[in-house]
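> Here is the input, now give the coordinates:
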Amino acid sequence: MSSAPTPPKRSLFTLLGDVPRLIIDLFRQEIESLKQELVSKAKNAGVGIGLLVAAGAFAFFLLGVLVAAAILGLATVFAPWLAALIVAGGLLIITAVLALVGISRLKKGIPPAPTETIESIKDDVRVIKGLRKRGTP
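Numbering: from 1, shown residues only. Now for the predicted structure:
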């Protein structure tokens, strides 16, 4: 009956000497794992973006078909030119409302610098320097 050879016992100093190498190896493995995860997520995001672009293209054509259907539907009640004018007026109102809301939201985002965070960091620096207490103006 043969038993597996036991590895030689190493001294405490040898084991402590291996710690930096083990930490570096662990760090490298974690970095490699991080890279692989980011590549995988980027691929999934790329496929998702591509599918969303395709859906947007189909939605664009769908909108055209719906506009044509609205015109044809109104053309049964009104003259075709009047039906087209009514649908165009509705689209103009929707466009104007969306543009105004978009402009107001855009103005809230300008400047794009994170001004609240910058002020918070300046406040933290003042607190650390002892110029004032946190939370006081």
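> could you pull out the helices for the chain?
12-75, 80-108, 115-129 (DSSP state H).
> would you turn the ones you listed into a markdown table with mean pLDDT and distance to Thr6?
For glycine as for every other residue, the C-beta is placed from the backbone atoms N, C-alpha and C. Shown next, in a markdown table, are the helices of the chain (pLDDT from 0 to 100; distance: least, CB to CB, whole Å):
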| stretch | mean pLDDT | distance to Thr6 |
| --- | --- | --- |
| helix 12-75 | 90 | 16 |
| helix 80-108 | 94 | 70 |
| helix 115-129 | 78 | 56 |
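> Quick check, central residue of this protein?
Nearest to the mean C-alpha position of the chain, by CA atoms, centre = their mean, lies Ala45 at 9.8 Å.
> number of nearby residues for Ile23?
By the measure other CB atoms under 10 Å, the count of residues near Ile23 is 10.
> and if you look at Val87?
Look at Val87: counted by other CB under 10 Å, it has 20 neighbours.
> Now do the contacts for it.
Applying CB atoms under 8 Å, 6 or more residues apart in numbering, one finds that Val87 lies in contact with Val67, Ala70, Ile71, Leu74.
> Could you find the closest non-adjacent residue to the last one?
To tie it back to what came earlier, the one meant is Leu74. Distances taken as CB to CB, 6 or more residues apart in numbering put Ala83 closest to Leu74, at 3.4 Å, once the chain neighbours are dropped.
> Next, the contact list for the one you found, please.
If you count contacts by CB under 8 Å, 6+ apart, Ala83 has them with Ala70, Ile71, Leu72, Gly73, Leu74, Ala75, Val77.
> any idea how far Arg10 is from the residue lying closest to the fourth one once chain neighbours are set aside?
What it means is Gly73. Taking CB to CB, 6+ apart, and ignoring the residues beside it in sequence, Gly73 has Ala83 as its nearest neighbour in space, at 7.7 Å. According to CB to CB, to the nearest Å, Ala83 and Arg10 sit 90 Å apart.
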